[in-house]
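J.: Provided below for reference: sequence and predicted model.
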Amino acid sequence: QVQLVESGGGLVQPGGSLRLSCATSGFILDTYAIGWFRQAPGKQREGVSCISSSDGRTYYVDSVKGRFTISRDNAKNTVYLQMNSLKPEDTAVYYCATVHWPLLGPYDYWGQGTQVTVSS
């Protein structure tokens, strides 16, 4: 059974940091590119970042470049999203999913999401 489980969300002040984790099971992590998405209330889901399955290529949308860093640890079957210099507009539910490079569907597997709230 394939599972993706996000964790690490929470409440943080503007300028703060969080590290999200996407723990995977039921498949070999290095066979899939993994992407992070977010959805704020009343807004469409948007892709944020992704990392390739094998060579470690990374991709970021402009709004998070220089602030977010994606990484993966295939031995731990986990993908991380380090988020620094957080802004209120980063507030959203964050999801990880298997993707086709760079953030394209079909999206075979999704996690349940983790809430990130940036507020003073």
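T.: Looks like it arrived, so ask away.
J.: gap between Leu20 and Asn74?
T.: In this view, Leu20 and Asn74 are 17 Å apart by CB to CB, to the nearest Å. Glycine gets a C-beta too; all of them are placed from N, C-alpha and C.
J.: Test for you: state the pLDDT assigned to Leu104.
T.: Looking at Leu104, its pLDDT reads 88.
J.: Next: Ala40.
T.: pLDDT recorded at Ala40 is 96.
J.: Ok, Ile28 next?
T.: For Ile28, the predicted pLDDT is 74.
J.: centroid residue for the chain?
T.: Trp36 (2.7 Å; CA atoms, centre = their mean).
J.: Show the subsequent helix or strand relative to the helix or strand where that one lies.
T.: For Trp36, the enclosing helix or strand under DSSP states H and E is strand 33-39. Per DSSP H and E, the first helix or strand lying C-terminal to strand 33-39 is strand 46-51.
J.: still on that earlier bit, tell me which strands the strand holding Trp36 pairs with, and in which orientation.
T.: The strands that strand 33-39 pairs with in its sheet are strand 46-51 (antiparallel), strand 92-99 (antiparallel) (by DSSP bridges).
J.: confidence score at the residue of the chain most remote from its centre?
T.: No residue in the chain sits farther from the centre than Ser120, which is 23.1 Å out by CA atoms, centre = their mean. We note a pLDDT of 95 for Ser120 in this prediction.
J.: For it, which non-adjacent residue is spatially closest?
T.: Gln13 (5.4 Å; CB to CB, 6 or more residues apart in numbering).
J.: circling back to that earlier point, quick one: which of Leu20 and Asn74 has more around it?
T.: Between Leu20 and Asn74, Leu20 has the larger neighbour count (other CB atoms under 10 Å), namely 25 against 14.
J.: Tell me the backbone dihedrals of Ser21, please.
T.: In this entry, Ser21 is assigned phi and psi values of phi -120, psi 140 (degrees, to the nearest 10).
J.: what about the residue nearest to Ser120, neighbour count?
T.: Gln13 is flanked by 10 other residues according to other CB under 10 Å.
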